[in-house]
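K.L.:
Can you look at this prediction? I've put the sequence above it.
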Amino acid sequence: MSGNSLHSRSTRSRLHLRSTTSRSPPSLHETLSEASDNSTRTTQQRTARNASQSRSLHRTVQQPLLSQEQMIVEGGNTLNTEQEAVQRGQSDRHSPTRSQLTESSALQYGSDFDTSSQVGSTVSWQRAVRHMRSDINCAPSQHRTICIDSMEDDLSIDLEPGPKLYIWGTRICVFDVQRAFRTFVNEFRPTSVSDDENVLTLPSNVRMEIDLERPYYLERLYEIDQSENIAFNLNLQHVKLFSEALYRKIVCYPSDVIPYLDLTINEIFSEKYQKVLYAPIEVRPFNAQKTRNMRALNPQDIDQLITIGGMVIRASPLIPEMRQAYFQCTVCNFPVDVEVDRGRIEEPAVCRNCQSKYSFQLVHNRSLFMDKQIVKLQESPDDMPAGQTPHTVTLFAHGDMVERVQPGDRVTVTGIYRAVPARVNPRMRNVNSVYRTSIDVLHFRKTDQNRLHQIDDGTHLTDERVCMIMNLAKRTDIVNCLINAVAPSIYGHEDIKRGILCLLFGGANKEDKTGNKVKLRSEINILLCGDPGTSKSQLLQYVYRLVPRAQYTSGKGSSAVGLTASVARDPDTRHLVLQTGALVLADNGVCCIDEFDKMNDSTRSILHEVMEQQTLSIAKAGIICQLNARTSILAAANPVDSQWNQNKTIVDNIQLPHTLLSRFDLIFLLVDSQNELYDRRLANHLVSLYYRETNNEGCELLDLALLRDYIGYARSYVNPLLNEASSRCLIDKYLQMRKAGSGFGQVSAYPRQLESLIRLAEAHAKIRLSSVVSVQDVEDAYSLYREALKQSAVDPSTGRVDINILAAGISATTRQIIDQLAEAIRGELSQRQGILISLKKLMQQLRQNDLSFTKELFDEAVNNLIKNEVLVRTGDKIRYVAAT
């Protein structure tokens, strides 16, 4: 008899088991026996019963039929659907389960109450009432309504006798889940919430704080009513505080429970606002109890709700995914809809209208497609064990979750952990025993290492936070206050901190008004160079932790493709794709490069375009494109001899090409000079870090979160412009710099330096949250720029600022010495035209004439004469060929 029962379940036959009042209700054993006897009836009786069942298809909206898995059992007795409806009476009209018991609801998931087979269903009565969530992506759930007199349910408050609807294979009562969730939405009031969760986003970008005295999630429904955003963000920590059992069911059975949460929240919204949205509200849970590490995921987590964190390294373009296939018979044009179950489409074998076999054809333009995106998430460095490479996991974003994140974002992902078999051959049905894992995303949340739920701009701030920022900007000492807040654990270096502050705020975004669409750079680049142990790397680490879109890399461990982009084959689509590097991931952020002098020439050469044009041109493997790299470069370099030589220029000390140095707006030196007073103050500061609570006595320090919000607000909303007075002041300062070295044959400024002055002046105006660049901003920018030039562009022989050191790699004084040395060589060899002479002998003869020079200057003078075709070199000897 059990075999007959299993057989009837597999065929999903529709059994109408009746009980009469003249005799006692039959037992379950007798019912199944009766079902077995019914299968032996005559063909005429079976035809009549099938005709009766087909007529009942038109009544399924008001009275759904129950399959063998959905039949009603009460105390061992079997009731039909009509008797069960009479017993319930009017109670179901107000029950939370009423929507899922009828197809008149706005939501339908899977094939819970379909009267058709699993193969397909007709379009006339099913297609119009169905709404599917592609992120749930589960097989149709099965249900059984049974008596739970002998069972216990942790969500049940009063165990009243009677039938209840349970999800097949679980102990989840649908009625209890919906009742508990309805109570949670109507009653939960949190004691405190984070800053970004305490905001209601209303139309016209109006933001309002949530009244914590009212139910929190009713306020969220008010936000949905005003903004018509169908996402209902559900903090699972709130659910856990309210009901541990409900939280456990959501986490363990998300594919089965979340659809009923959607039904409940839509009912609450309809009852409260009497409004029909363009799409049903979707519950999006987040913030599970434990954020799982990628390495800790195991088979026990499959089909459960998990939360992991990491950094997005790649996001695919939008992919159309079929969710419901539309088949049409080629003989009689009979239509059938088939739901896609986890990527599989089962074509109907027989047409129910004309009984033709294998006559269906897929009609693509009438099928239902939804957006899909493949995202690669890489393990966070904080979660990686020592000596291990980072793990990656594949995310599938569906619907409104697509294009929510970009490469470089640090996010926390909440979704359902999936495992699907991999085919041995795409053309064969055989699959491997090893499964591929992925995550169906339900919720994205941008994060930061120091503060959860960090957004990378200033648009998320509340009115109270904006008011706090505006009051802070009104302080007369706002610049010094922000300077003290930058890396407070590092003593001194006020000018360097001011420069880093200008880098964080950046210049004003502007386009060329001539119509040529030439973008003018607003990002500021800074180079820190000097002795080891002078806090260069600490400053870089601080900026990396402060800026949301920041990348940190080392010069020796970085390659050209690691900074730009590499071409790889996507394991899912087998197409060649670009994997972006650090510079592209730091778009609209900061790229911190340590050990800048250790980079090879091929890696440094790619920075020329990035630092000036803010783009990356790629031409690899047939992929030709231009990527945005609107990033600020903060680099640190050490001298060649491990200690800064004051008698050498910056080019000779760090061995970087002058074409790259000229692209830095500010170059600072951090030299470990021997000064007893400075050493004592530095030692006191370092010691105070170990035994005092604060190392800045009498100085108010800004909170790191407030500093981040201040910078984000300025970058988002403040765009200062030059006025007439500030423009004249900039021109005067530039002409003053040009005249400073003209009397000594030196160049103190180029047009590139004028652009740097403009960016620095705009950054100072942004610090004050001013929309106009004042004359004082220009003065502050000029003093900062001159201070940087005094450290990096001073000619050691004269002690004067010479911008040629950065622009041409050689000072004007050195250029004069080379020219004088070339004239002496020409005069020495003019009497020996055509005669070979060794370079060593010529150098000795010139030094006997009381000329002081180095071998490098002598080689430079000889090379210049060879380029001018005055000398001809043969091995280590030269000869004079012409007098030009």
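P.N.:
Arrived safely.

K.L.:
show me where the stretch 751-884 of the chain has helices.
P.N.:
751-767, 775-792, 804-807, 812-829, 839-848, 855-867 (DSSP state H, counting those that start in this stretch).

K.L.:
next one: the stretch 351-500 of the chain
P.N.:
463-473, 478-485, 494-505.

K.L.:
Deepest-packed of those helices, please.
P.N.:
Among those, helix 494-505 has the highest mean neighbour count (mean count of other Cβ atoms under 10 Å), at a mean of 22. Using the backbone N, CA and C atoms, a C-beta is placed for each residue, glycine as well.

K.L.:
Name the residues of the helix of greatest length in the chain that come out as buried.
P.N.:
What stands out as the longest helix in the chain, according to DSSP state H, is helix 254-273. By neighbour count with 16 or more other Cβ atoms under 10 Å, helix 254-273 contains the buried residues 254-269.

K.L.:
which is the next helix or strand following that helix?
P.N.:
For helix 254-273, the following helix or strand on the C-terminal side (DSSP states H and E) is strand 282-286.

K.L.:
neighbouring contacts of that next one?
P.N.:
For strand 282-286, the surrounding residues in contact (Cβ atoms under 8 Å, 6 or more residues apart in numbering) are 133, 230-236, 239, 250, 254, 258, 261-262, 265, 305, 307, 399-400, 412, 414, 442-443, 445.

K.L.:
which is the next helix or strand following it?
P.N.:
Counting by DSSP H and E, what follows strand 282-286 is strand 305-315.

K.L.:
what mean pLDDT would you report for that next one?
P.N.:
Here strand 305-315 scores 88 as its mean pLDDT.

K.L.:
Tell me which other helices or strands it touches.
P.N.:
Judged by 3 or more Cβ pairs under 8 Å, 6 or more residues apart in numbering; DSSP states H and E, strand 305-315 is in contact with helix 244-252, strand 368-379, strand 392-398, strand 410-423, strand 431-446, strand 576-580.

K.L.:
Tell me which of the ones you listed lies nearest to residue 336.
P.N.:
Residue 336 lies closest to strand 368-379 among those, at 13.5 Å (Cβ to Cβ).

K.L.:
Each with direction, which strands does that closest one pair with?
P.N.:
strand 305-315 (antiparallel), strand 319-329 (antiparallel), strand 392-398 (antiparallel) (DSSP bridges).

K.L.:
chain center to the shortest one, what's the gap?
P.N.:
How far strand 392-398 lies from its chain's middle: 12 Å, per Cα atoms, centre = their mean, to the nearest Å.

K.L.:
next one: stretch 625-632
P.N.:
That offset, for stretch 625-632, works out to 17 Å (Cα atoms, centre = their mean).

K.L.:
Next, the residues that contact it from outside, please.
P.N.:
503, 506, 523-526, 564-565, 578, 580, 583-584, 586-591, 610, 614-618.

K.L.:
One more: stretch 593-607?
P.N.:
Stretch 593-607 has contacts (Cβ under 8 Å, 6+ apart) with 527, 529, 536-537, 540, 552-556, 558-560, 563-564, 583, 616, 633-638, 640, 654-657, 660, 663.

K.L.:
what's the neighbour count on residue 644?
P.N.:
22 (other Cβ atoms under 10 Å).

K.L.:
Ramachandran coordinates for it?
P.N.:
phi -70, psi 130 (degrees, to the nearest 10).

K.L.:
Pick out the residue nearest the middle of this protein.
P.N.:
Centroid-nearest residue in the chain: residue 409, 2.7 Å away (criterion: Cα atoms, centre = their mean).

K.L.:
which ones are touching it?
P.N.:
Taking Cβ under 8 Å, 6+ apart as the test, what residue 409 contacts is 311, 312, 446, 456, 549.

K.L.:
residues contacting the first one?
P.N.:
Contact partners of residue 311, counting by Cβ under 8 Å, 6+ apart, are 377, 378, 380, 408, 409, 410, 411.

K.L.:
I'd guessed residue 210 sits against residue 217; true?
P.N.:
No. With contacts counted by Cβ atoms under 8 Å, residue 210 stays clear of residue 217, the gap being 10.1 Å.

K.L.:
out of the two, which sits in the busier spot?
P.N.:
Neighbours per residue, other Cβ under 10 Å: of residue 210 and residue 217, the larger number sits with residue 217, 23 against 18.

K.L.:
Please report the distance of the more buried one from residue 188.
P.N.:
Residue 217 sits 6 Å away from residue 188, going by Cβ to Cβ, to the nearest Å.

K.L.:
What of residue 779?
P.N.:
56 Å.

K.L.:
Please apply the same query to residue 337.
P.N.:
39 Å.

K.L.:
do residue 253 as well
P.N.:
21 Å.

K.L.:
Low-confidence regions, the stretch 451-600 of the chain specifically.
P.N.:
For the stretch 451-600 of the chain, the stretches with pLDDT under 70 are 451-460, 511-519, 571-573.

K.L.:
cutoff 50 now
P.N.:
451-457, 517 (pLDDT under 50).

K.L.:
Identify each of the strands in it and give its residue range.
P.N.:
510-511, 519-520, 526-530, 550-554, 565-569, 576-580, 590-594 (DSSP state E, counting those that start in this stretch).

K.L.:
wait, which of the ones you listed is closest to residue 172?
P.N.:
strand 576-580 (41.3 Å).

K.L.:
so what secondary structure elements neighbour that closest one?
P.N.:
Packed against strand 576-580 by the contact rule (3+ Cβ pairs under 8 Å, 6+ apart) you find strand 305-315, strand 565-569, strand 623-628.

K.L.:
out of those strands, deepest packed?
P.N.:
The highest average neighbour count among the helices and strands packed on strand 576-580, using mean count of other Cβ under 10 Å, belongs to strand 305-315 at a mean of 21.

K.L.:
between it and strand 576-580, how many degrees?
P.N.:
Relative orientation of strand 305-315 and strand 576-580, computed by axes from the mean of the first three to the mean of the last three Cα atoms, to 10 degrees: 100 degrees.

K.L.:
i'd like the first residue to be 18 from this point on
P.N.:
Understood, numbering begins at 18; the last thing we discussed is strand 322-332.

K.L.:
next one: strand 322-332 to chain centre, how far?
P.N.:
The answer for strand 322-332 is 8 Å, by Cα atoms, centre = their mean.

K.L.:
Could you do stretch 542-558 as well?
P.N.:
28 Å.

K.L.:
if we can go back for a sec, select, from the contacts of residue 328, the two members most distant in space.
P.N.:
397 and 425 (13.2 Å).

K.L.:
Low-confidence ranges, the stretch 618-767 of the chain, go.
P.N.:
Filtered on pLDDT under 50, the stretch 618-767 of the chain yields the residue ranges 711-716.

K.L.:
Residue 499 reaches residue 719, doesn't it?
P.N.:
Yes. Counting by Cβ under 8 Å, residue 719 is a contact partner of residue 499 at 7.0 Å.

K.L.:
so which of the strands paired with strand 385-396 comes closest to residue 375?
P.N.:
strand 336-346 (10.2 Å).

K.L.:
Which residues does the closest one contact?
P.N.:
Residues from elsewhere that reach strand 336-346 (Cβ under 8 Å, 6+ apart): 137, 140, 144, 147, 149, 151, 351-357, 362, 364-365, 368, 370-371, 373, 376-380, 383-391, 415.
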